[in-house]
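Visitor: I'd like to go over a predicted model; first the sequence, then the structure.
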Amino acid sequence: MNERILITGGSGLLGSYLIRWFLQKGYSNITATYHHSLEVIPADVRDGVTWLPLNLPDRQACIEITEGQDWVIHAAGYVSYRPADKYKLLDINQTGTELLVNACIDQNVSHFVYVGSIGALGRETNNLTLNEKSEWVENEWSTSYGLSKYLGELEVWRAAAEGLNVSVVLPSIILGSGDWNRSSLQMIKRIVSSPGYFPTGQTGFVDVRDVTTFIGMILEQSRIGERWLLNGSSTPYSEMYKSIARHLGLEKTFKPAPKWLANLMLRSSNLFKGNGIGLEVLKHTYGTFSFDATKSLEVENFSYRPLDESLRDIAAAYRQDQPGLPLPF
């Protein structure tokens, strides 16, 4: 347990669970990065960890934070579906990753794990099952965020060709508990406050604890040079909405929202708010995609929690109304 571990994005959903997992396993040499302010760090992981600021892309900061590290998990990134943010996405997710892997090469880091996204997988048409071999395609199903994660991953494989030991994980939508106003957790609040409509598409979902455990396992088992899709369940949004509402005890009837209605609502909202968010998301929430995570089950002693178990735990955490309350491993 003497490995020195760096976790970028430690203040985020996945990053905070990674810290909890390593601390519970007995690792003590953990460094994590935060963005902007120490106030965003969950209270239960503030102690026992060295916290450093990181605002990508910053070459000098990448050099400094990787110095002396054995394992580096790159979980930091920027998520946006606003057209105006395309170049910011590329700066942070592509150039930032490039600078980080270059620093890891220079610092002789022994194992680098890149947290990618299913957004980096190519969707040639609707109604597809995707896996690690699904190559990037730029079309109506692609997004600027997905492009930035794909290009960031290319930097990781370029670093691998230059001698860095790397692993890549591609999680689907990560479910967990934490700041209900950030990342994928906003979906819970949306279900609580929504008028009872759901999009008619399907996508993949995975428990944050399963992503965390998998990353820890491939580091401990030295599974190097592989790409892993992580997905616990490919589930229609209709089922997700109804299951979450049931676990929250909501007496609400859900019905499908026609795509034209969702489009109209998004355009009206975007016009009112003065931004361009939503139209890329709309394409995905009305697309039907499945994700084959069979390869990940090859890792010894790894398995996924049932989706209903994850939703039950998340609903219990939400009902307690304690921001940042973690789910138990």
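Guide: That came in fine, so what should we check first?
Visitor: work out for me the element the nearest residue to residue 116 once chain neighbours are set aside sits within.
Guide: Of all residues not flanking residue 116 in the chain, residue 170 sits nearest, at 4.6 Å (CB to CB, 6 or more residues apart in numbering). All C-beta atoms are positioned from the backbone trio N, CA, C, and that covers glycine. Element membership for residue 170 (DSSP states H and E) is strand 166-171.
Visitor: what number of residues lie near the nearest residue to residue 180 once chain neighbours are set aside?
Guide: Ranked by CB to CB, 6+ apart and with sequence neighbours excluded, the top spatial neighbour of residue 180 is residue 189, at 5.2 Å. Residue 189: 12 surrounding residues under other CB atoms under 10 Å.
Visitor: quick check: mean pLDDT of the helix or strand containing residue 189?
Guide: Counting by DSSP H and E, the element that carries residue 189 is helix 186-193. Mean pLDDT, helix 186-193: 83.
Visitor: element containing the nearest residue to residue 140 once chain neighbours are set aside, please.
Guide: Leaving aside its chain neighbours, residue 140 sits nearest to residue 283 (6.3 Å; criterion: CB to CB, 6+ apart). Using DSSP H and E, residue 283 sits in helix 279-285.
Visitor: please apply the same query to residue 72.
Guide: Once you assign secondary structure using DSSP H and E, residue 72 falls within strand 71-74.
Visitor: pull out the buried positions in the next helix or strand after that strand.
Guide: Next in sequence after strand 71-74, counting helices and strands by DSSP H and E, comes helix 86-89. Buried positions in helix 86-89, judged by neighbour count with 16 or more other CB atoms under 10 Å: residue 89.
Visitor: for the helix or strand just after helix 86-89, buried residues please.
Guide: Later in the chain than helix 86-89, the nearest helix or strand by DSSP H and E is helix 96-106. Buried residues in helix 96-106, defined by neighbour count with 16+ other CB under 10 Å: 96, 97, 98, 99, 100, 101, 102, 103, 104, 105.
Visitor: picking that back up, partners of the strand holding residue 72, with directions?
Guide: strand 5-8 (parallel), strand 111-115 (parallel) (DSSP bridges).
Visitor: turn those into JSON lines, including distance to residue 51 and mean pLDDT.
Guide: Output for the strands paired with strand 71-74, formatted as JSON lines (distance: least, CB to CB, whole Å; pLDDT from 0 to 100):
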{"stretch": "strand 5-8", "distance to residue 51": "10", "mean pLDDT": "98"}
{"stretch": "strand 111-115", "distance to residue 51": "19", "mean pLDDT": "98"}
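Visitor: return the most buried member of those.
Guide: strand 5-8 (a mean of 27; mean count of other CB atoms under 10 Å).
Visitor: what does the helix or strand following it contact?
Guide: Counting by DSSP H and E, the next helix or strand C-terminal to strand 5-8 is helix 13-25. With CB atoms under 8 Å, 6 or more residues apart in numbering as the test, helix 13-25 has contacts from 1, 5, 7-10, 30, 32, 41-42, 44-45, 48-49, 73, 75-76, 115, 171, 174, 176, 178-179, 182-185, 208-209, 211-213, 215-216, 324, 326, 329.
Visitor: tell me what the helix or strand just after helix 13-25 is packed against?
Guide: Proceeding N to C from helix 13-25, the next assigned helix or strand is strand 30-34, under DSSP H and E. Contacts defined by 3 or more CB pairs under 8 Å, 6 or more residues apart in numbering; DSSP states H and E place strand 30-34 against strand 5-8, helix 13-25, strand 50-53.
Visitor: picking up where we left off before, verify the contact between the residue nearest to residue 180 and residue 179 for me.
Guide: No. Judged on CB atoms under 8 Å, residue 189 makes no contact with residue 179 at a distance of 10.5 Å.
Visitor: still on that earlier bit, closest one to residue 91 among the strands paired with strand 71-74?
Guide: When these are compared by CB to CB, strand 5-8 sits nearest residue 91, at 15.2 Å.
Visitor: gap between that closest one and the chain center?
Guide: 15 Å (CA atoms, centre = their mean, to the nearest Å).
Visitor: do stretch 2-22 as well
Guide: Using CA atoms, centre = their mean, the offset of stretch 2-22 from its chain centre is 13 Å.
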